[in-house]
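Peer 1: dropping the sequence and predicted coords here.
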Amino acid sequence: MADRVVVVGGGMAAVRLAEELVGADVRLTILADEQHAPYNRILLSAVLEGTHAADALTLRSPAWFEAHGIDLRLGARVLEIDREAREVVLVDGERIGYDRLVLATGSIPTLPPIRGLVRRDGTLHPKVHPFRSLEDCRRLESSLAEVQAQRDSEPGSEPPRAVVVGGGLLGLQVARALSVRGVLTEVVEGAEHLLASQVGPAAGAVLARDLRRLGTDVYTGARAIRMTDDGVRLDNGAVLPTDLIVLTAGGRPSTALARRAELMVGRGIVVDSTLTSVSDDRIHAIGDCAEHRRRTTGFVPPAWEQAEVLARLLRGEPASYVGLRNVARLRATGLDVAVLGDPQAAEGEVVEVTNPIAGSHRRLVVHGGRIVAAALVGDLSRVGLITQLYDRGTILGPDEPGQLLLPEAADAPTTLPDEAEVCACAGVTAGEIRACESMSQCVDRTRATTGCGGCADVVRRLLDAGRAGSRPPVPVG
Amino acid sequence: MSPVETHCPYCSLQCGMRLSGRRVPEVSSWDEFPVNQGALCRKGWTAAGLYGSRERLTSPLVRDRETGEWSAVSWDVALDRVADGIRAAQASRGPDAVAVFGGGGLTNEKAYSLGKFARVALGTSQIDYNGRWCMSSAASAGIRAFGVDRGLPFPLADVEEADVLVLVGSNLAETMPPAARHLDRLRERGGRVVVIDPRRTPTANRADLALQPVPGTDLPLAMGVLHLLVAQGAVDEDYLAARTTGWDEVRESVASWWPERVERVTGIEAAEVRALAAMLAGSPRVMVLTARGAEQHSTGSDTVLAWINVALALGMVGKRGAGYGCLTGQGNGQGGREHGQKADQLPGYRRIDDPAARAHVAGVWGVEPDSLPGPGRSAYELLDALGTDSGPSAMLVFGSNIVVSAPNATHVTSRLEALDLLVVCDFVMSETAAIADVVLPVTQWAEETGTMTNLEGRVVLRQKAITPPSGVLSDLDVIAGLADRLGSPVPFTTEPEEVFAELGRASEGGPADYSAITYDRIRDESGVFWGGERLFADSFAHADGRARMLAVEHRGAAEQPCADYPVHLTTGRVLAQYQSGAQTRRVRSLPDDGPFVELHPLLAGRLGITADDSVRISTRRGTMTAPARVVTTIRPDTVFVPFHWVGANRLTNDALDPASRMPEFKVCAASVTAHG
């Protein structure tokens, strides 16, 4: 009898695991607590921005799971794990047995300590919006629409206002999305600069400047401490009037189930390099909820690699997770950020180009000739190449990291020597063209320009120059 | 004597040209022929350069294996020797002991006769051809998606009507220069051109958007484009519902290919992926054309399917001035794959494992359907099996220079050398002929008549313009002479027009039906399109009339860079040479500068290489040395070597596409060092 594999969670790691297990000899059950079919969570800010259709987020439809014999249960909440019986218990009391249990419970948004955020009845203040799920995104959109409708009914009133609490990747994406939609947006970040867990102060300053240029105010080194009827009060005394407060100040691994089941939990559920709980070899954890070598990640690429490794192991193939190189990219109109690895903590020589005038800051950390981390802010030239060199661990020459950060040299215009071939189709040199008096003579005599036609401009200029009696530079290439 | 209207001997454009003169023909333009309207590239203008060449073979040659010495013999002696060898091989090991290897440059008549000869006179299943290495990935994808494979399902000139033309892995400004004039006219009308190629080629220099992906990542780029089209609601849902099946699964398959992920895999900036998608989303007529750069991969057929999905999702296929097409490479790449040279096919693009197809073709041939062998090995698998316990021990080669053009060429050459009998028909002593036991000197272009099917599916007539030198026979004579000696149950005609008429009957009712085409019609109509001028306007060739959208996955190149082989190697053509160069390298008026290694200044700087330095490039399969060309037009993590000279294909990877059996010519992992 094939192993019963039960996955708790229906996020991106769980879907990847399911895809990788298609055709494997397992009976797969996925318990997803959201009602929506598994979707691409990292594009939620693009949905908010209006550049991505919400119905295009679906990663795999219920029909796909059914077609592949996977038991997908939407809205299935797991109450506890009965390790002895090897069963999970759902809130409605149903018990589901497993041979292997995979915890892919993701993370839950942290609620910052702001007075008035949670009301006496335990619900959130109506202006407050976490931003983690599709449901959160829809709720935020409908609140926004309400505010907008109210403003539209009051001619001359100013646009809606929002305060984004948290100046990390998600916070900046959400802030830009709201701003693109015409909301007056402000960002509050407790650290001394934006994106503090990824980049240094100089890069953070460039970002803050970019955001302000785009019309979004930024408060760093400031904490929101209290919700008032007027808005949000910061610990520096400022009060930001607002219609909406969006919480993006990080999340923490969702480990409650694992804790209750007495699995070892640090920041996340502690797993070894086979993604197996160190407390129970029938339980695995992948994605944001897992802690491997004292690290939790919170990004999709490592979650997917873990899903792929675990799928191989569940298929009975050897595999182990060694920890992946991560690339974090900001997806927001008008803000360019790429963070490769950990450019603040990585060991190595730093090659850095900052241009506060143009608004760019780029840092490569090089160790043993390899790019081991990088931060690119405000200028993504060669981000594709730099990412390739980072991912592949290419050993560079001593001048190369610096050259990678310099603008690509343009081909300078040069004077074509007589022996240079101008028309490749007919094999005609500049000298042969210069010897002609007109285009028609040139065509008759040399057949230049009659093949692909690509040299027509150069030929015309050579002929013009000949008539003018001079020899100005002709750009080539 | 009035000039003869004929076609260039090289690429799939089959440019019209006129030939005059008796012994050495003179090329002049044929302005009325619609495909090239009189334009030719230097290969066309100099195509007559091999007439009167001292390198021309005019007598059959037999090589003594003991001494390596060649002897000129009579045709009778040569053909007897070949027939004896065939009989000996088949007597000890059965019909499949003899293999046939054809070419995409052979006329339709020769391709057809060769397939018939293999199945009827030799009774072998072991026949394939170098076209397998040309457009088989596009062919496989086209058949699966549309139910039929015709390179371009519309005339090439339709390109000018597109609003956006996307060229994926095509450098047509160098490989088929007269076709590039269409790009200029397209842009004059306000249309835009996108070129996707790891090198910024002369074609890319004419583009409005040039993207340079990591070799082997055209597929995820297509997935990323389609992702954005879905996200923006830019797909044509009505078209998808009415004309396709499989959209739901394809849509889901691109949900996880957001631009930043595409950037990480392809090396193309997310902003550029967005720019491309935006360009496509707003355009009434989008045309996507793939070529070898996209297709010659172990993931080539999936890559083509991914781009077909983009064209279908936009509702473009079947619309005038829009859609999908493949820019075929070899002169008769299209016709060569339609008439039975392929291991799994019978004339008319019929499947050899289809009982109805077997019955029809056997009826035309006058043999029993059961006497026809089944499918054989694909080109590379066939070569790989030569001289092994289970593979053929003798092989006849027509129109192909395997030693230069096969991937992993050192290995393939060792397989050729392991044969008991290798016979090569050619008109010069190619690198493959040089290791043969028997070389048969055959006619070349302009010395014989035959039809070719160009990249548009237009059947054109190459008319005989001059008398061949004495001592030279046509491939059709070789086939008939051998069939006769081997006691073939049916005779083989050597008259091209008769062969063509028989081909028409054999193809009748098949996917590529030539039965209504005659030499006279071709002359009168500037060529005749099989299947009609434009396909897919109302329906596709599947039984339900719908196109299939097939979800594909990114697997990546079979060989990825590593510490020992840290760069990507890609290969391709230069303007002045064609294929293995057996012809063009011998034309004196074409510059033959030899091979070179193209690399970026960043990489050159890392390795201490400057322009013209000797560079050694190695892969897991071989090594070659050539001078460096340091250019800013190539990706810094990629090197390029042209494949017209021996050496490039010693490096290339023989990993095969699972569907098309296309080898991965276009990418492998290599190391590059300064040499000496």
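Peer 2: Yep, it's here.
Peer 1: pick out the residue nearest the middle of the chain.
Peer 2: In the absence of a named chain, chain A is used. A centroid search over chain A (CA atoms, centre = their mean) returns A:R329, at 4.0 Å, as the residue closest to the centre.
Peer 1: I was after chain B.
Peer 2: Centre-nearest of chain B using CA atoms, centre = their mean is B:C134, 2.5 Å out.
Peer 1: list the neighbouring strands of the helix or strand harbouring B:M287 plus their orientation.
Peer 2: Secondary structure from DSSP states H and E places B:M287 in strand B:286-290. When pairing is defined by DSSP bridges, strand B:286-290 lines up against strand B:164-168 (parallel), strand B:323-326 (parallel).
Peer 1: which is the next helix or strand following it?
Peer 2: helix B:292-295.
Peer 1: which other residues reach that following helix?
Peer 2: The contact list for helix B:292-295 (CB atoms under 8 Å, 6 or more residues apart in numbering or on different chains) reads B:134-138, B:168-171, B:196-198, B:218, B:300-301, B:303-304, B:307, B:326, B:329, B:570, B:572, B:662, B:665-666. (Glycine included, C-beta is placed from N, CA and C.)
Peer 1: what do you get if the cut-off is 7 Å, keeping everything else the same?
Peer 2: Here helix B:292-295 makes contact (CB atoms under 7 Å, 6 or more residues apart in numbering or on different chains) with B:135, B:137-138, B:168-170, B:197, B:218, B:300, B:303-304, B:329, B:662, B:666.
Peer 1: out of the residues you listed, who's nearest chain A?
Peer 2: Comparing these against chain A with CB to the nearest CB places B:S170 closest, at 12.9 Å.
Peer 1: what sits closest to the closest one if chain neighbours are left out?
Peer 2: Nearest non-adjacent residue to B:S170, counting by CB to CB, 6 or more residues apart in numbering or on different chains: B:A291, 3.5 Å away.
Peer 1: from B:N171, how far off is that neighbour?
Peer 2: Computed as CB to CB, to the nearest Å, the B:A291 to B:N171 distance reads 8 Å.
Peer 1: tell me which of the two has more neighbours.
Peer 2: Neighbour tally, B:A291 and B:N171, criterion other CB atoms under 10 Å in any protein chain shown: the higher count belongs to B:A291, 29 against 24.
Peer 1: residues touching that one, list them.
Peer 2: Counting by CB under 7 Å, 6+ apart, B:A291 touches B:G169, B:S170, B:L327.
Peer 1: format these as CSV; extra columns: pLDDT.
Peer 2: CSV is the format used below for the contacts of B:A291 (pLDDT from 0 to 100):
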residue, pLDDT
B:G169, 98
B:S170, 97
B:L327, 96
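Peer 1: pull out the buried members of those residues.
Peer 2: Neighbour counting over the contacts of B:A291 (16 or more other CB atoms under 10 Å in any protein chain shown) leaves B:G169, B:S170, B:L327 as the buried ones.
Peer 1: please tell me I have it right and the last one contacts B:V288.
Peer 2: Put plainly, it is B:L327. No. In this structure B:L327 lies outside contact range of B:V288 using CB atoms under 7 Å: 11.0 Å.
Peer 1: deepest-packed of the strands paired with strand B:286-290, please.
Peer 2: Highest mean neighbour count of these: strand B:323-326, a mean of 29 (counted as mean count of other CB atoms under 10 Å in any protein chain shown).
Peer 1: just checking, next helix/strand downstream of it?
Peer 2: Going down the chain from strand B:323-326, the next helix or strand is helix B:333-336, by DSSP H and E.
Peer 1: beyond that following helix, next helix or strand please.
Peer 2: strand B:345-346.
Peer 1: any idea which helix or strand comes after that following strand?
Peer 2: Defined by DSSP H and E, the subsequent element after strand B:345-346 is strand B:350-351.
Peer 1: got the buried residues for the top helix by length along chain B?
Peer 2: Longest helix of chain B, by residue count under DSSP state H: helix B:75-93. Across helix B:75-93, burial judged by 16+ other CB under 10 Å covers B:W75, B:A78, B:L79, B:R81, B:V82, B:A83, B:G85, B:I86, B:A88, B:A89, B:Q90, B:R93.
Peer 1: between those residues, which sits nearest A:S179?
Peer 2: Using CB to CB, B:R93 comes nearest to A:S179 of the buried residues of helix B:75-93, at 76.2 Å.
Peer 1: quickly note the distance from the closest residue to the closest one other than its chain neighbours to B:L440.
Peer 2: Nearest residue to B:R93, sequence neighbours excluded (CB to CB, 6+ apart): B:S393, at 6.3 Å. Using CB to CB, we find B:S393 at a distance of 19 Å from B:L440.
Peer 1: what about the two, which has more around it?
Peer 2: Between B:S393 and B:L440, counted using other CB under 10 Å, the more crowded position is B:L440 (29 against 22).
Peer 1: now the more buried one: which helix or strand?
Peer 2: In this structure, B:L440 sits in strand B:438-441 according to DSSP H and E.
Peer 1: adjacent strands (with direction) for that strand?
Peer 2: By DSSP bridges, strand B:438-441 pairs with strand B:61-63 (antiparallel), strand B:421-426 (parallel).
Peer 1: if we look at it, which residues are touching it?
Peer 2: Strand B:438-441 is contacted by residues B:57-62, B:78, B:81-82, B:423-427, B:433, B:471-472, B:478 when judged by CB under 7 Å, 6+ apart.
Peer 1: model confidence over it, on average?
Peer 2: Averaged over strand B:438-441, pLDDT sits at 98.
Peer 1: who's in contact with the helix or strand just after it?
Peer 2: Note on strand B:438-441: by DSSP H and E, the next helix or strand toward the C-terminus is strand B:450-453. Residues outside strand B:450-453 that contact it (CB under 7 Å, 6+ apart): B:7, B:14, B:107-110, B:331-332, B:334-335, B:338, B:459-462, B:496, B:500, B:522.
Peer 1: can we see that at 6 Å?
Peer 2: B:14, B:107-109, B:331-332, B:334-335, B:459-462, B:496 (CB atoms under 6 Å, 6 or more residues apart in numbering or on different chains).
Peer 1: again, but for stretch A:3-12
Peer 2: Applying CB under 6 Å, 6+ apart, the set of residues contacting stretch A:3-12 is A:14, A:26-32, A:38, A:78, A:96, A:98-106, A:300.
Peer 1: excluding chain neighbours, what is closest to the residue in the stretch 201-350 of chain A positioned nearest to chain B?
Peer 2: Minimum separation of the stretch 201-350 of chain A from chain B (CB to the nearest CB) falls at A:R329, amounting to 3.9 Å. Ranked by CB to CB, 6+ apart and with sequence neighbours excluded, the top spatial neighbour of A:R329 is B:E260, at 3.9 Å.
Peer 1: you'd agree the one you found is in a helix?
Peer 2: Yes. Applying DSSP: H, G, I helix; E, B strand; the rest coil, one finds B:E260 inside a helix.
Peer 1: neighbours around it, how many?
Peer 2: Neighbours around B:E260, by other CB under 10 Å: 20.
Peer 1: can you list the buried residues in stretch A:391-411?
Peer 2: Neighbour counts using 16+ other CB under 10 Å place A:D391, A:R392, A:G393, A:T394, A:L396, A:E400, A:P401, A:Q403, A:L404, A:L405 of stretch A:391-411 among the buried residues.
Peer 1: now do the helices in the stretch 151-300 of chain A.
Peer 2: Ranges of helices in the stretch 151-300 of chain A, per DSSP state H, counting those that start in this stretch, are A:169-180, A:201-213, A:256-260, A:300-314.
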